[in-house]
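Q: Quick one: sequence plus predicted model below, questions after.
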Amino acid sequence: MIRPAKERGHADHGWLDTWHTFSFSDYYDPRFMGFSALRVINEDFVAPGRGFPTHGHRDMEIITYVLEGALEHRDSLGTGSIIRPGEVQRMSAGTGVRHSEANPSSAEPVHLLQIWIHPAAASIAPGYEQKAFADEEKRGRLRLVASPDGADGSVTIHQDARVYATLLGPGQQVVHRLAPGRHAWVHVARGSLTLNGEHLAAGDGAAIIAESALTLVGEHDAEALLFDLP
């Protein structure tokens, strides 16, 4: 199943231009309430000097992936950081955490993906982690950036799910094999590619069910995330 970018939920708040792959906030579509453990993929453009005021979360694994610009994070765990392109942030909300996110630039917007994954268990202790992954690690290959065991230096999430990032130039190909019973979601962040022969452009997503392998081939300098899900 392909989820075209233009069919996603959309809201323009002036300071925030946001696109929702799955139902979120005022956007509701019973056909798109998430996929397996994946609950949210929001593509956000935040204006200079603006951001999300302090708010709370519980029982969710929240991954932030910055594409352009920078995002400032502060939370009730005492964490303060700047997230830049190539960096992946994981916040486990667990029993409850409050945080704010803002664009610290006075001139440049920030473009990011915010991803929510249901944890395997409720009421875990809140936690935070942030790691950098160089473009060279993702170019022409699938780089593991989030996993349940922190494999290969990835951030650790409390769910049997793995998130891979890739950068594919024209004609570059990567293959990911799915274990029996596993599902996958692919989200194209930038550029375009083919997934098992199907064209996907920026903002498009695709659900993969009952397939043993995924073949991604770059068309126009693609950046994509692949979710291997239970």
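A: Yep, it's here.
Q: residues near the spatially closest residue to residue 148 that is not a sequence neighbour, how many?
A: In space, and not counting its chain neighbours, residue 148 is closest to residue 160: 5.5 Å by Cβ to Cβ, 6 or more residues apart in numbering. Backbone N, C-alpha and C define where each C-beta goes, glycine included. Other residues lying near residue 160 total 14 when counted by other Cβ atoms under 10 Å.
Q: swap in residue 68?
A: Residue 68 has 13 neighbours, counted by other Cβ under 10 Å.
Q: Surely the residue nearest to residue 148 and residue 183 touch.
A: No - with contacts counted by Cβ atoms under 8 Å, residue 160 stays clear of residue 183, the gap being 11.4 Å.
Q: Give me the common contacts of those two.
A: Contact criterion Cβ atoms under 8 Å, 6 or more residues apart in numbering; residues shared by residue 160 and residue 183: residue 230.
Q: Not counting sequence-adjacent ones, nearest residue to residue 208?
A: Using Cβ to Cβ, 6+ apart, the closest residue to residue 208 is residue 184 (4.1 Å).
Q: Tell me the secondary structure at the nearest residue to residue 169 once chain neighbours are set aside.
A: Counting by Cβ to Cβ, 6+ apart, the nearest residue to residue 169 once its immediate chain neighbours are dropped is residue 218, at 5.2 Å. Secondary structure, DSSP: H, G, I helix; E, B strand; the rest coil: residue 218 is strand.
Q: roughly how far apart are residue 218 and residue 188?
A: Remark: distance between residue 218 and residue 188 (Cβ to Cβ, to the nearest Å) = 10 Å.
Q: returning to what we had before: for the residue nearest to residue 169, what are its contacts?
A: Each residue near residue 218 by Cβ under 8 Å, 6+ apart is listed here: 168, 169, 170, 171, 172, 173, 191, 193.
Q: Residue 129 now?
A: Contact partners of residue 129, counting by Cβ under 8 Å, 6+ apart, are 89, 90, 91, 155, 156.
Q: Need the worst-confidence member of the residues you listed.
A: Minimum pLDDT across these is recorded for residue 91, with 92.
Q: Closest to the centroid, which residue in the protein?
A: With distances taken as Cα atoms, centre = their mean, residue 115 lies nearest the centre of the chain, 4.2 Å away.
Q: Now do the contacts for it.
A: Residue 115 makes contact with 38, 40, 41, 42, 62, 63, 64, 65, 163, 225 under the criterion Cβ under 8 Å, 6+ apart.
Q: same thing but 10 Å
A: By Cβ atoms under 10 Å, 6 or more residues apart in numbering, residue 115 lies in contact with 21, 38-42, 61-65, 88, 90, 146, 157, 163, 187, 225, 227.
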